[in-house]
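after the sequence you'll find the predicted model.
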Amino acid sequence: MKKFTIILCFLMLISFASCKSEAKNTTKDDIPTQESGKDETFIAPSIEDYYHLETPKGIEVYVFSMANGSFSCRLMSGTNRLKTREEFEALPTIRVEKAKEILATYDIPSSSITLLACQSMLSSYCYNLNEDYLNAVANQFDNKYSAVMAEFE
């Protein structure tokens with residue numbers, strides 16, 4: 001039994017050392033991007049990038065809850081396609097107040113901003129996506145924008 005324990009410890013040590021040396025050799029260029037559609041590469045933005053979204057097709061504001069009465073957002077340039085869950089989950093999360101601040105910097109009509117009610121895979125808080133939730137989402141943004149249910153590819 002003692003030999004088995006020594007061998008097991010030795011193998012774990014070798015495994016740990018191997019992982020550590022691989023991590024040291026990883027560069028930013030080694031991190032893969034996610035494919036979001038034909039001939040497009042999706043790179044998750046930083047919060048600062050939310051101030052520079054392309055707006056010809058508007059802005060999509062994904063709104064979800066992490067707790068009762070607590071709303072969070074992720075922003076994305078509007079497109080004519082459904083987004084993937086991976087794209088959505090890769091976006092940085094911001095509070096409603098920050099989203100309102102960012103949206104106020106854009107010179108686009110309110111009809112070009114769409115609130116998309118959804119659920120985050122990272123949240124353990126359960127709620128129903130229904131008319132009441134859509135109204136609550138719209139209320140968070142002072143009813144300036146229309147709220148609809150988000151659909152994902």
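On my side now, so go ahead. Computed from a predicted model, the values in this text were never measured in an experiment.

contact partners for the nearest residue to P56 once chain neighbours are set aside?
Nearest in space to P56, with sequence neighbours left out and distances taken as CB to CB, 6 or more residues apart in numbering, is G78 at 7.8 Å. C-beta here means a position set from N, CA and C on the backbone, and glycine is covered the same way. Residues counted as contacts of G78 (CB atoms under 8 Å, 6 or more residues apart in numbering) are 55-60, 112, 114.

just flag the most distant two among those.
Using CB to CB, the pair of the contacts of G78 lying farthest apart is P56 and T114, separated by 14.1 Å.

higher neighbour count, those two?
Set P56 next to T114 and count neighbours by other CB atoms under 10 Å: T114 wins out with 17 against 9.

how about that one, secondary structure?
strand (DSSP: H, G, I helix; E, B strand; the rest coil).

list the contacts of it.
58-61, 78, 145-148 are the contacts of T114 under CB under 8 Å, 6+ apart.

in helices, which of those fall?
Assignment to helices by DSSP state H places none of the contacts of T114 there.

show me which pair in the residues you listed is furthest apart.
Going by CB to CB, the pair spanning the contacts of T114 furthest: G78 and A147, at 14.9 Å.

hey, which helix or strand in the protein has the poorest pLDDT?
strand 34-37 (a mean of 43; mean pLDDT, DSSP states H and E).

ranges for the strands of the chain?
34-37, 40-42, 59-67, 70-77, 94-95, 113-117, 146-149 (DSSP state E).

hey, least reliable of those by pLDDT?
Ranked on mean pLDDT, the bottom entry among the strands of the chain is strand 34-37, at a mean of 43.

so which of the contacts of T114 is the most crowded?
Busiest of these [other CB under 10 Å] is V61, holding 27 neighbours.

I'd guessed that residue sits against C118; true?
No: checked against CB atoms under 8 Å, the pair V61 and C118 is beyond contact range at 10.4 Å.

find residues that contact each of these two.
By CB under 8 Å, 6+ apart, no residue touches both V61 and C118.

can you list contacts of stretch 139-149?
By CB under 8 Å, 6+ apart, stretch 139-149 touches 61, 63, 71, 96, 99-100, 110-111, 113-118, 129, 134-135, 137-138.
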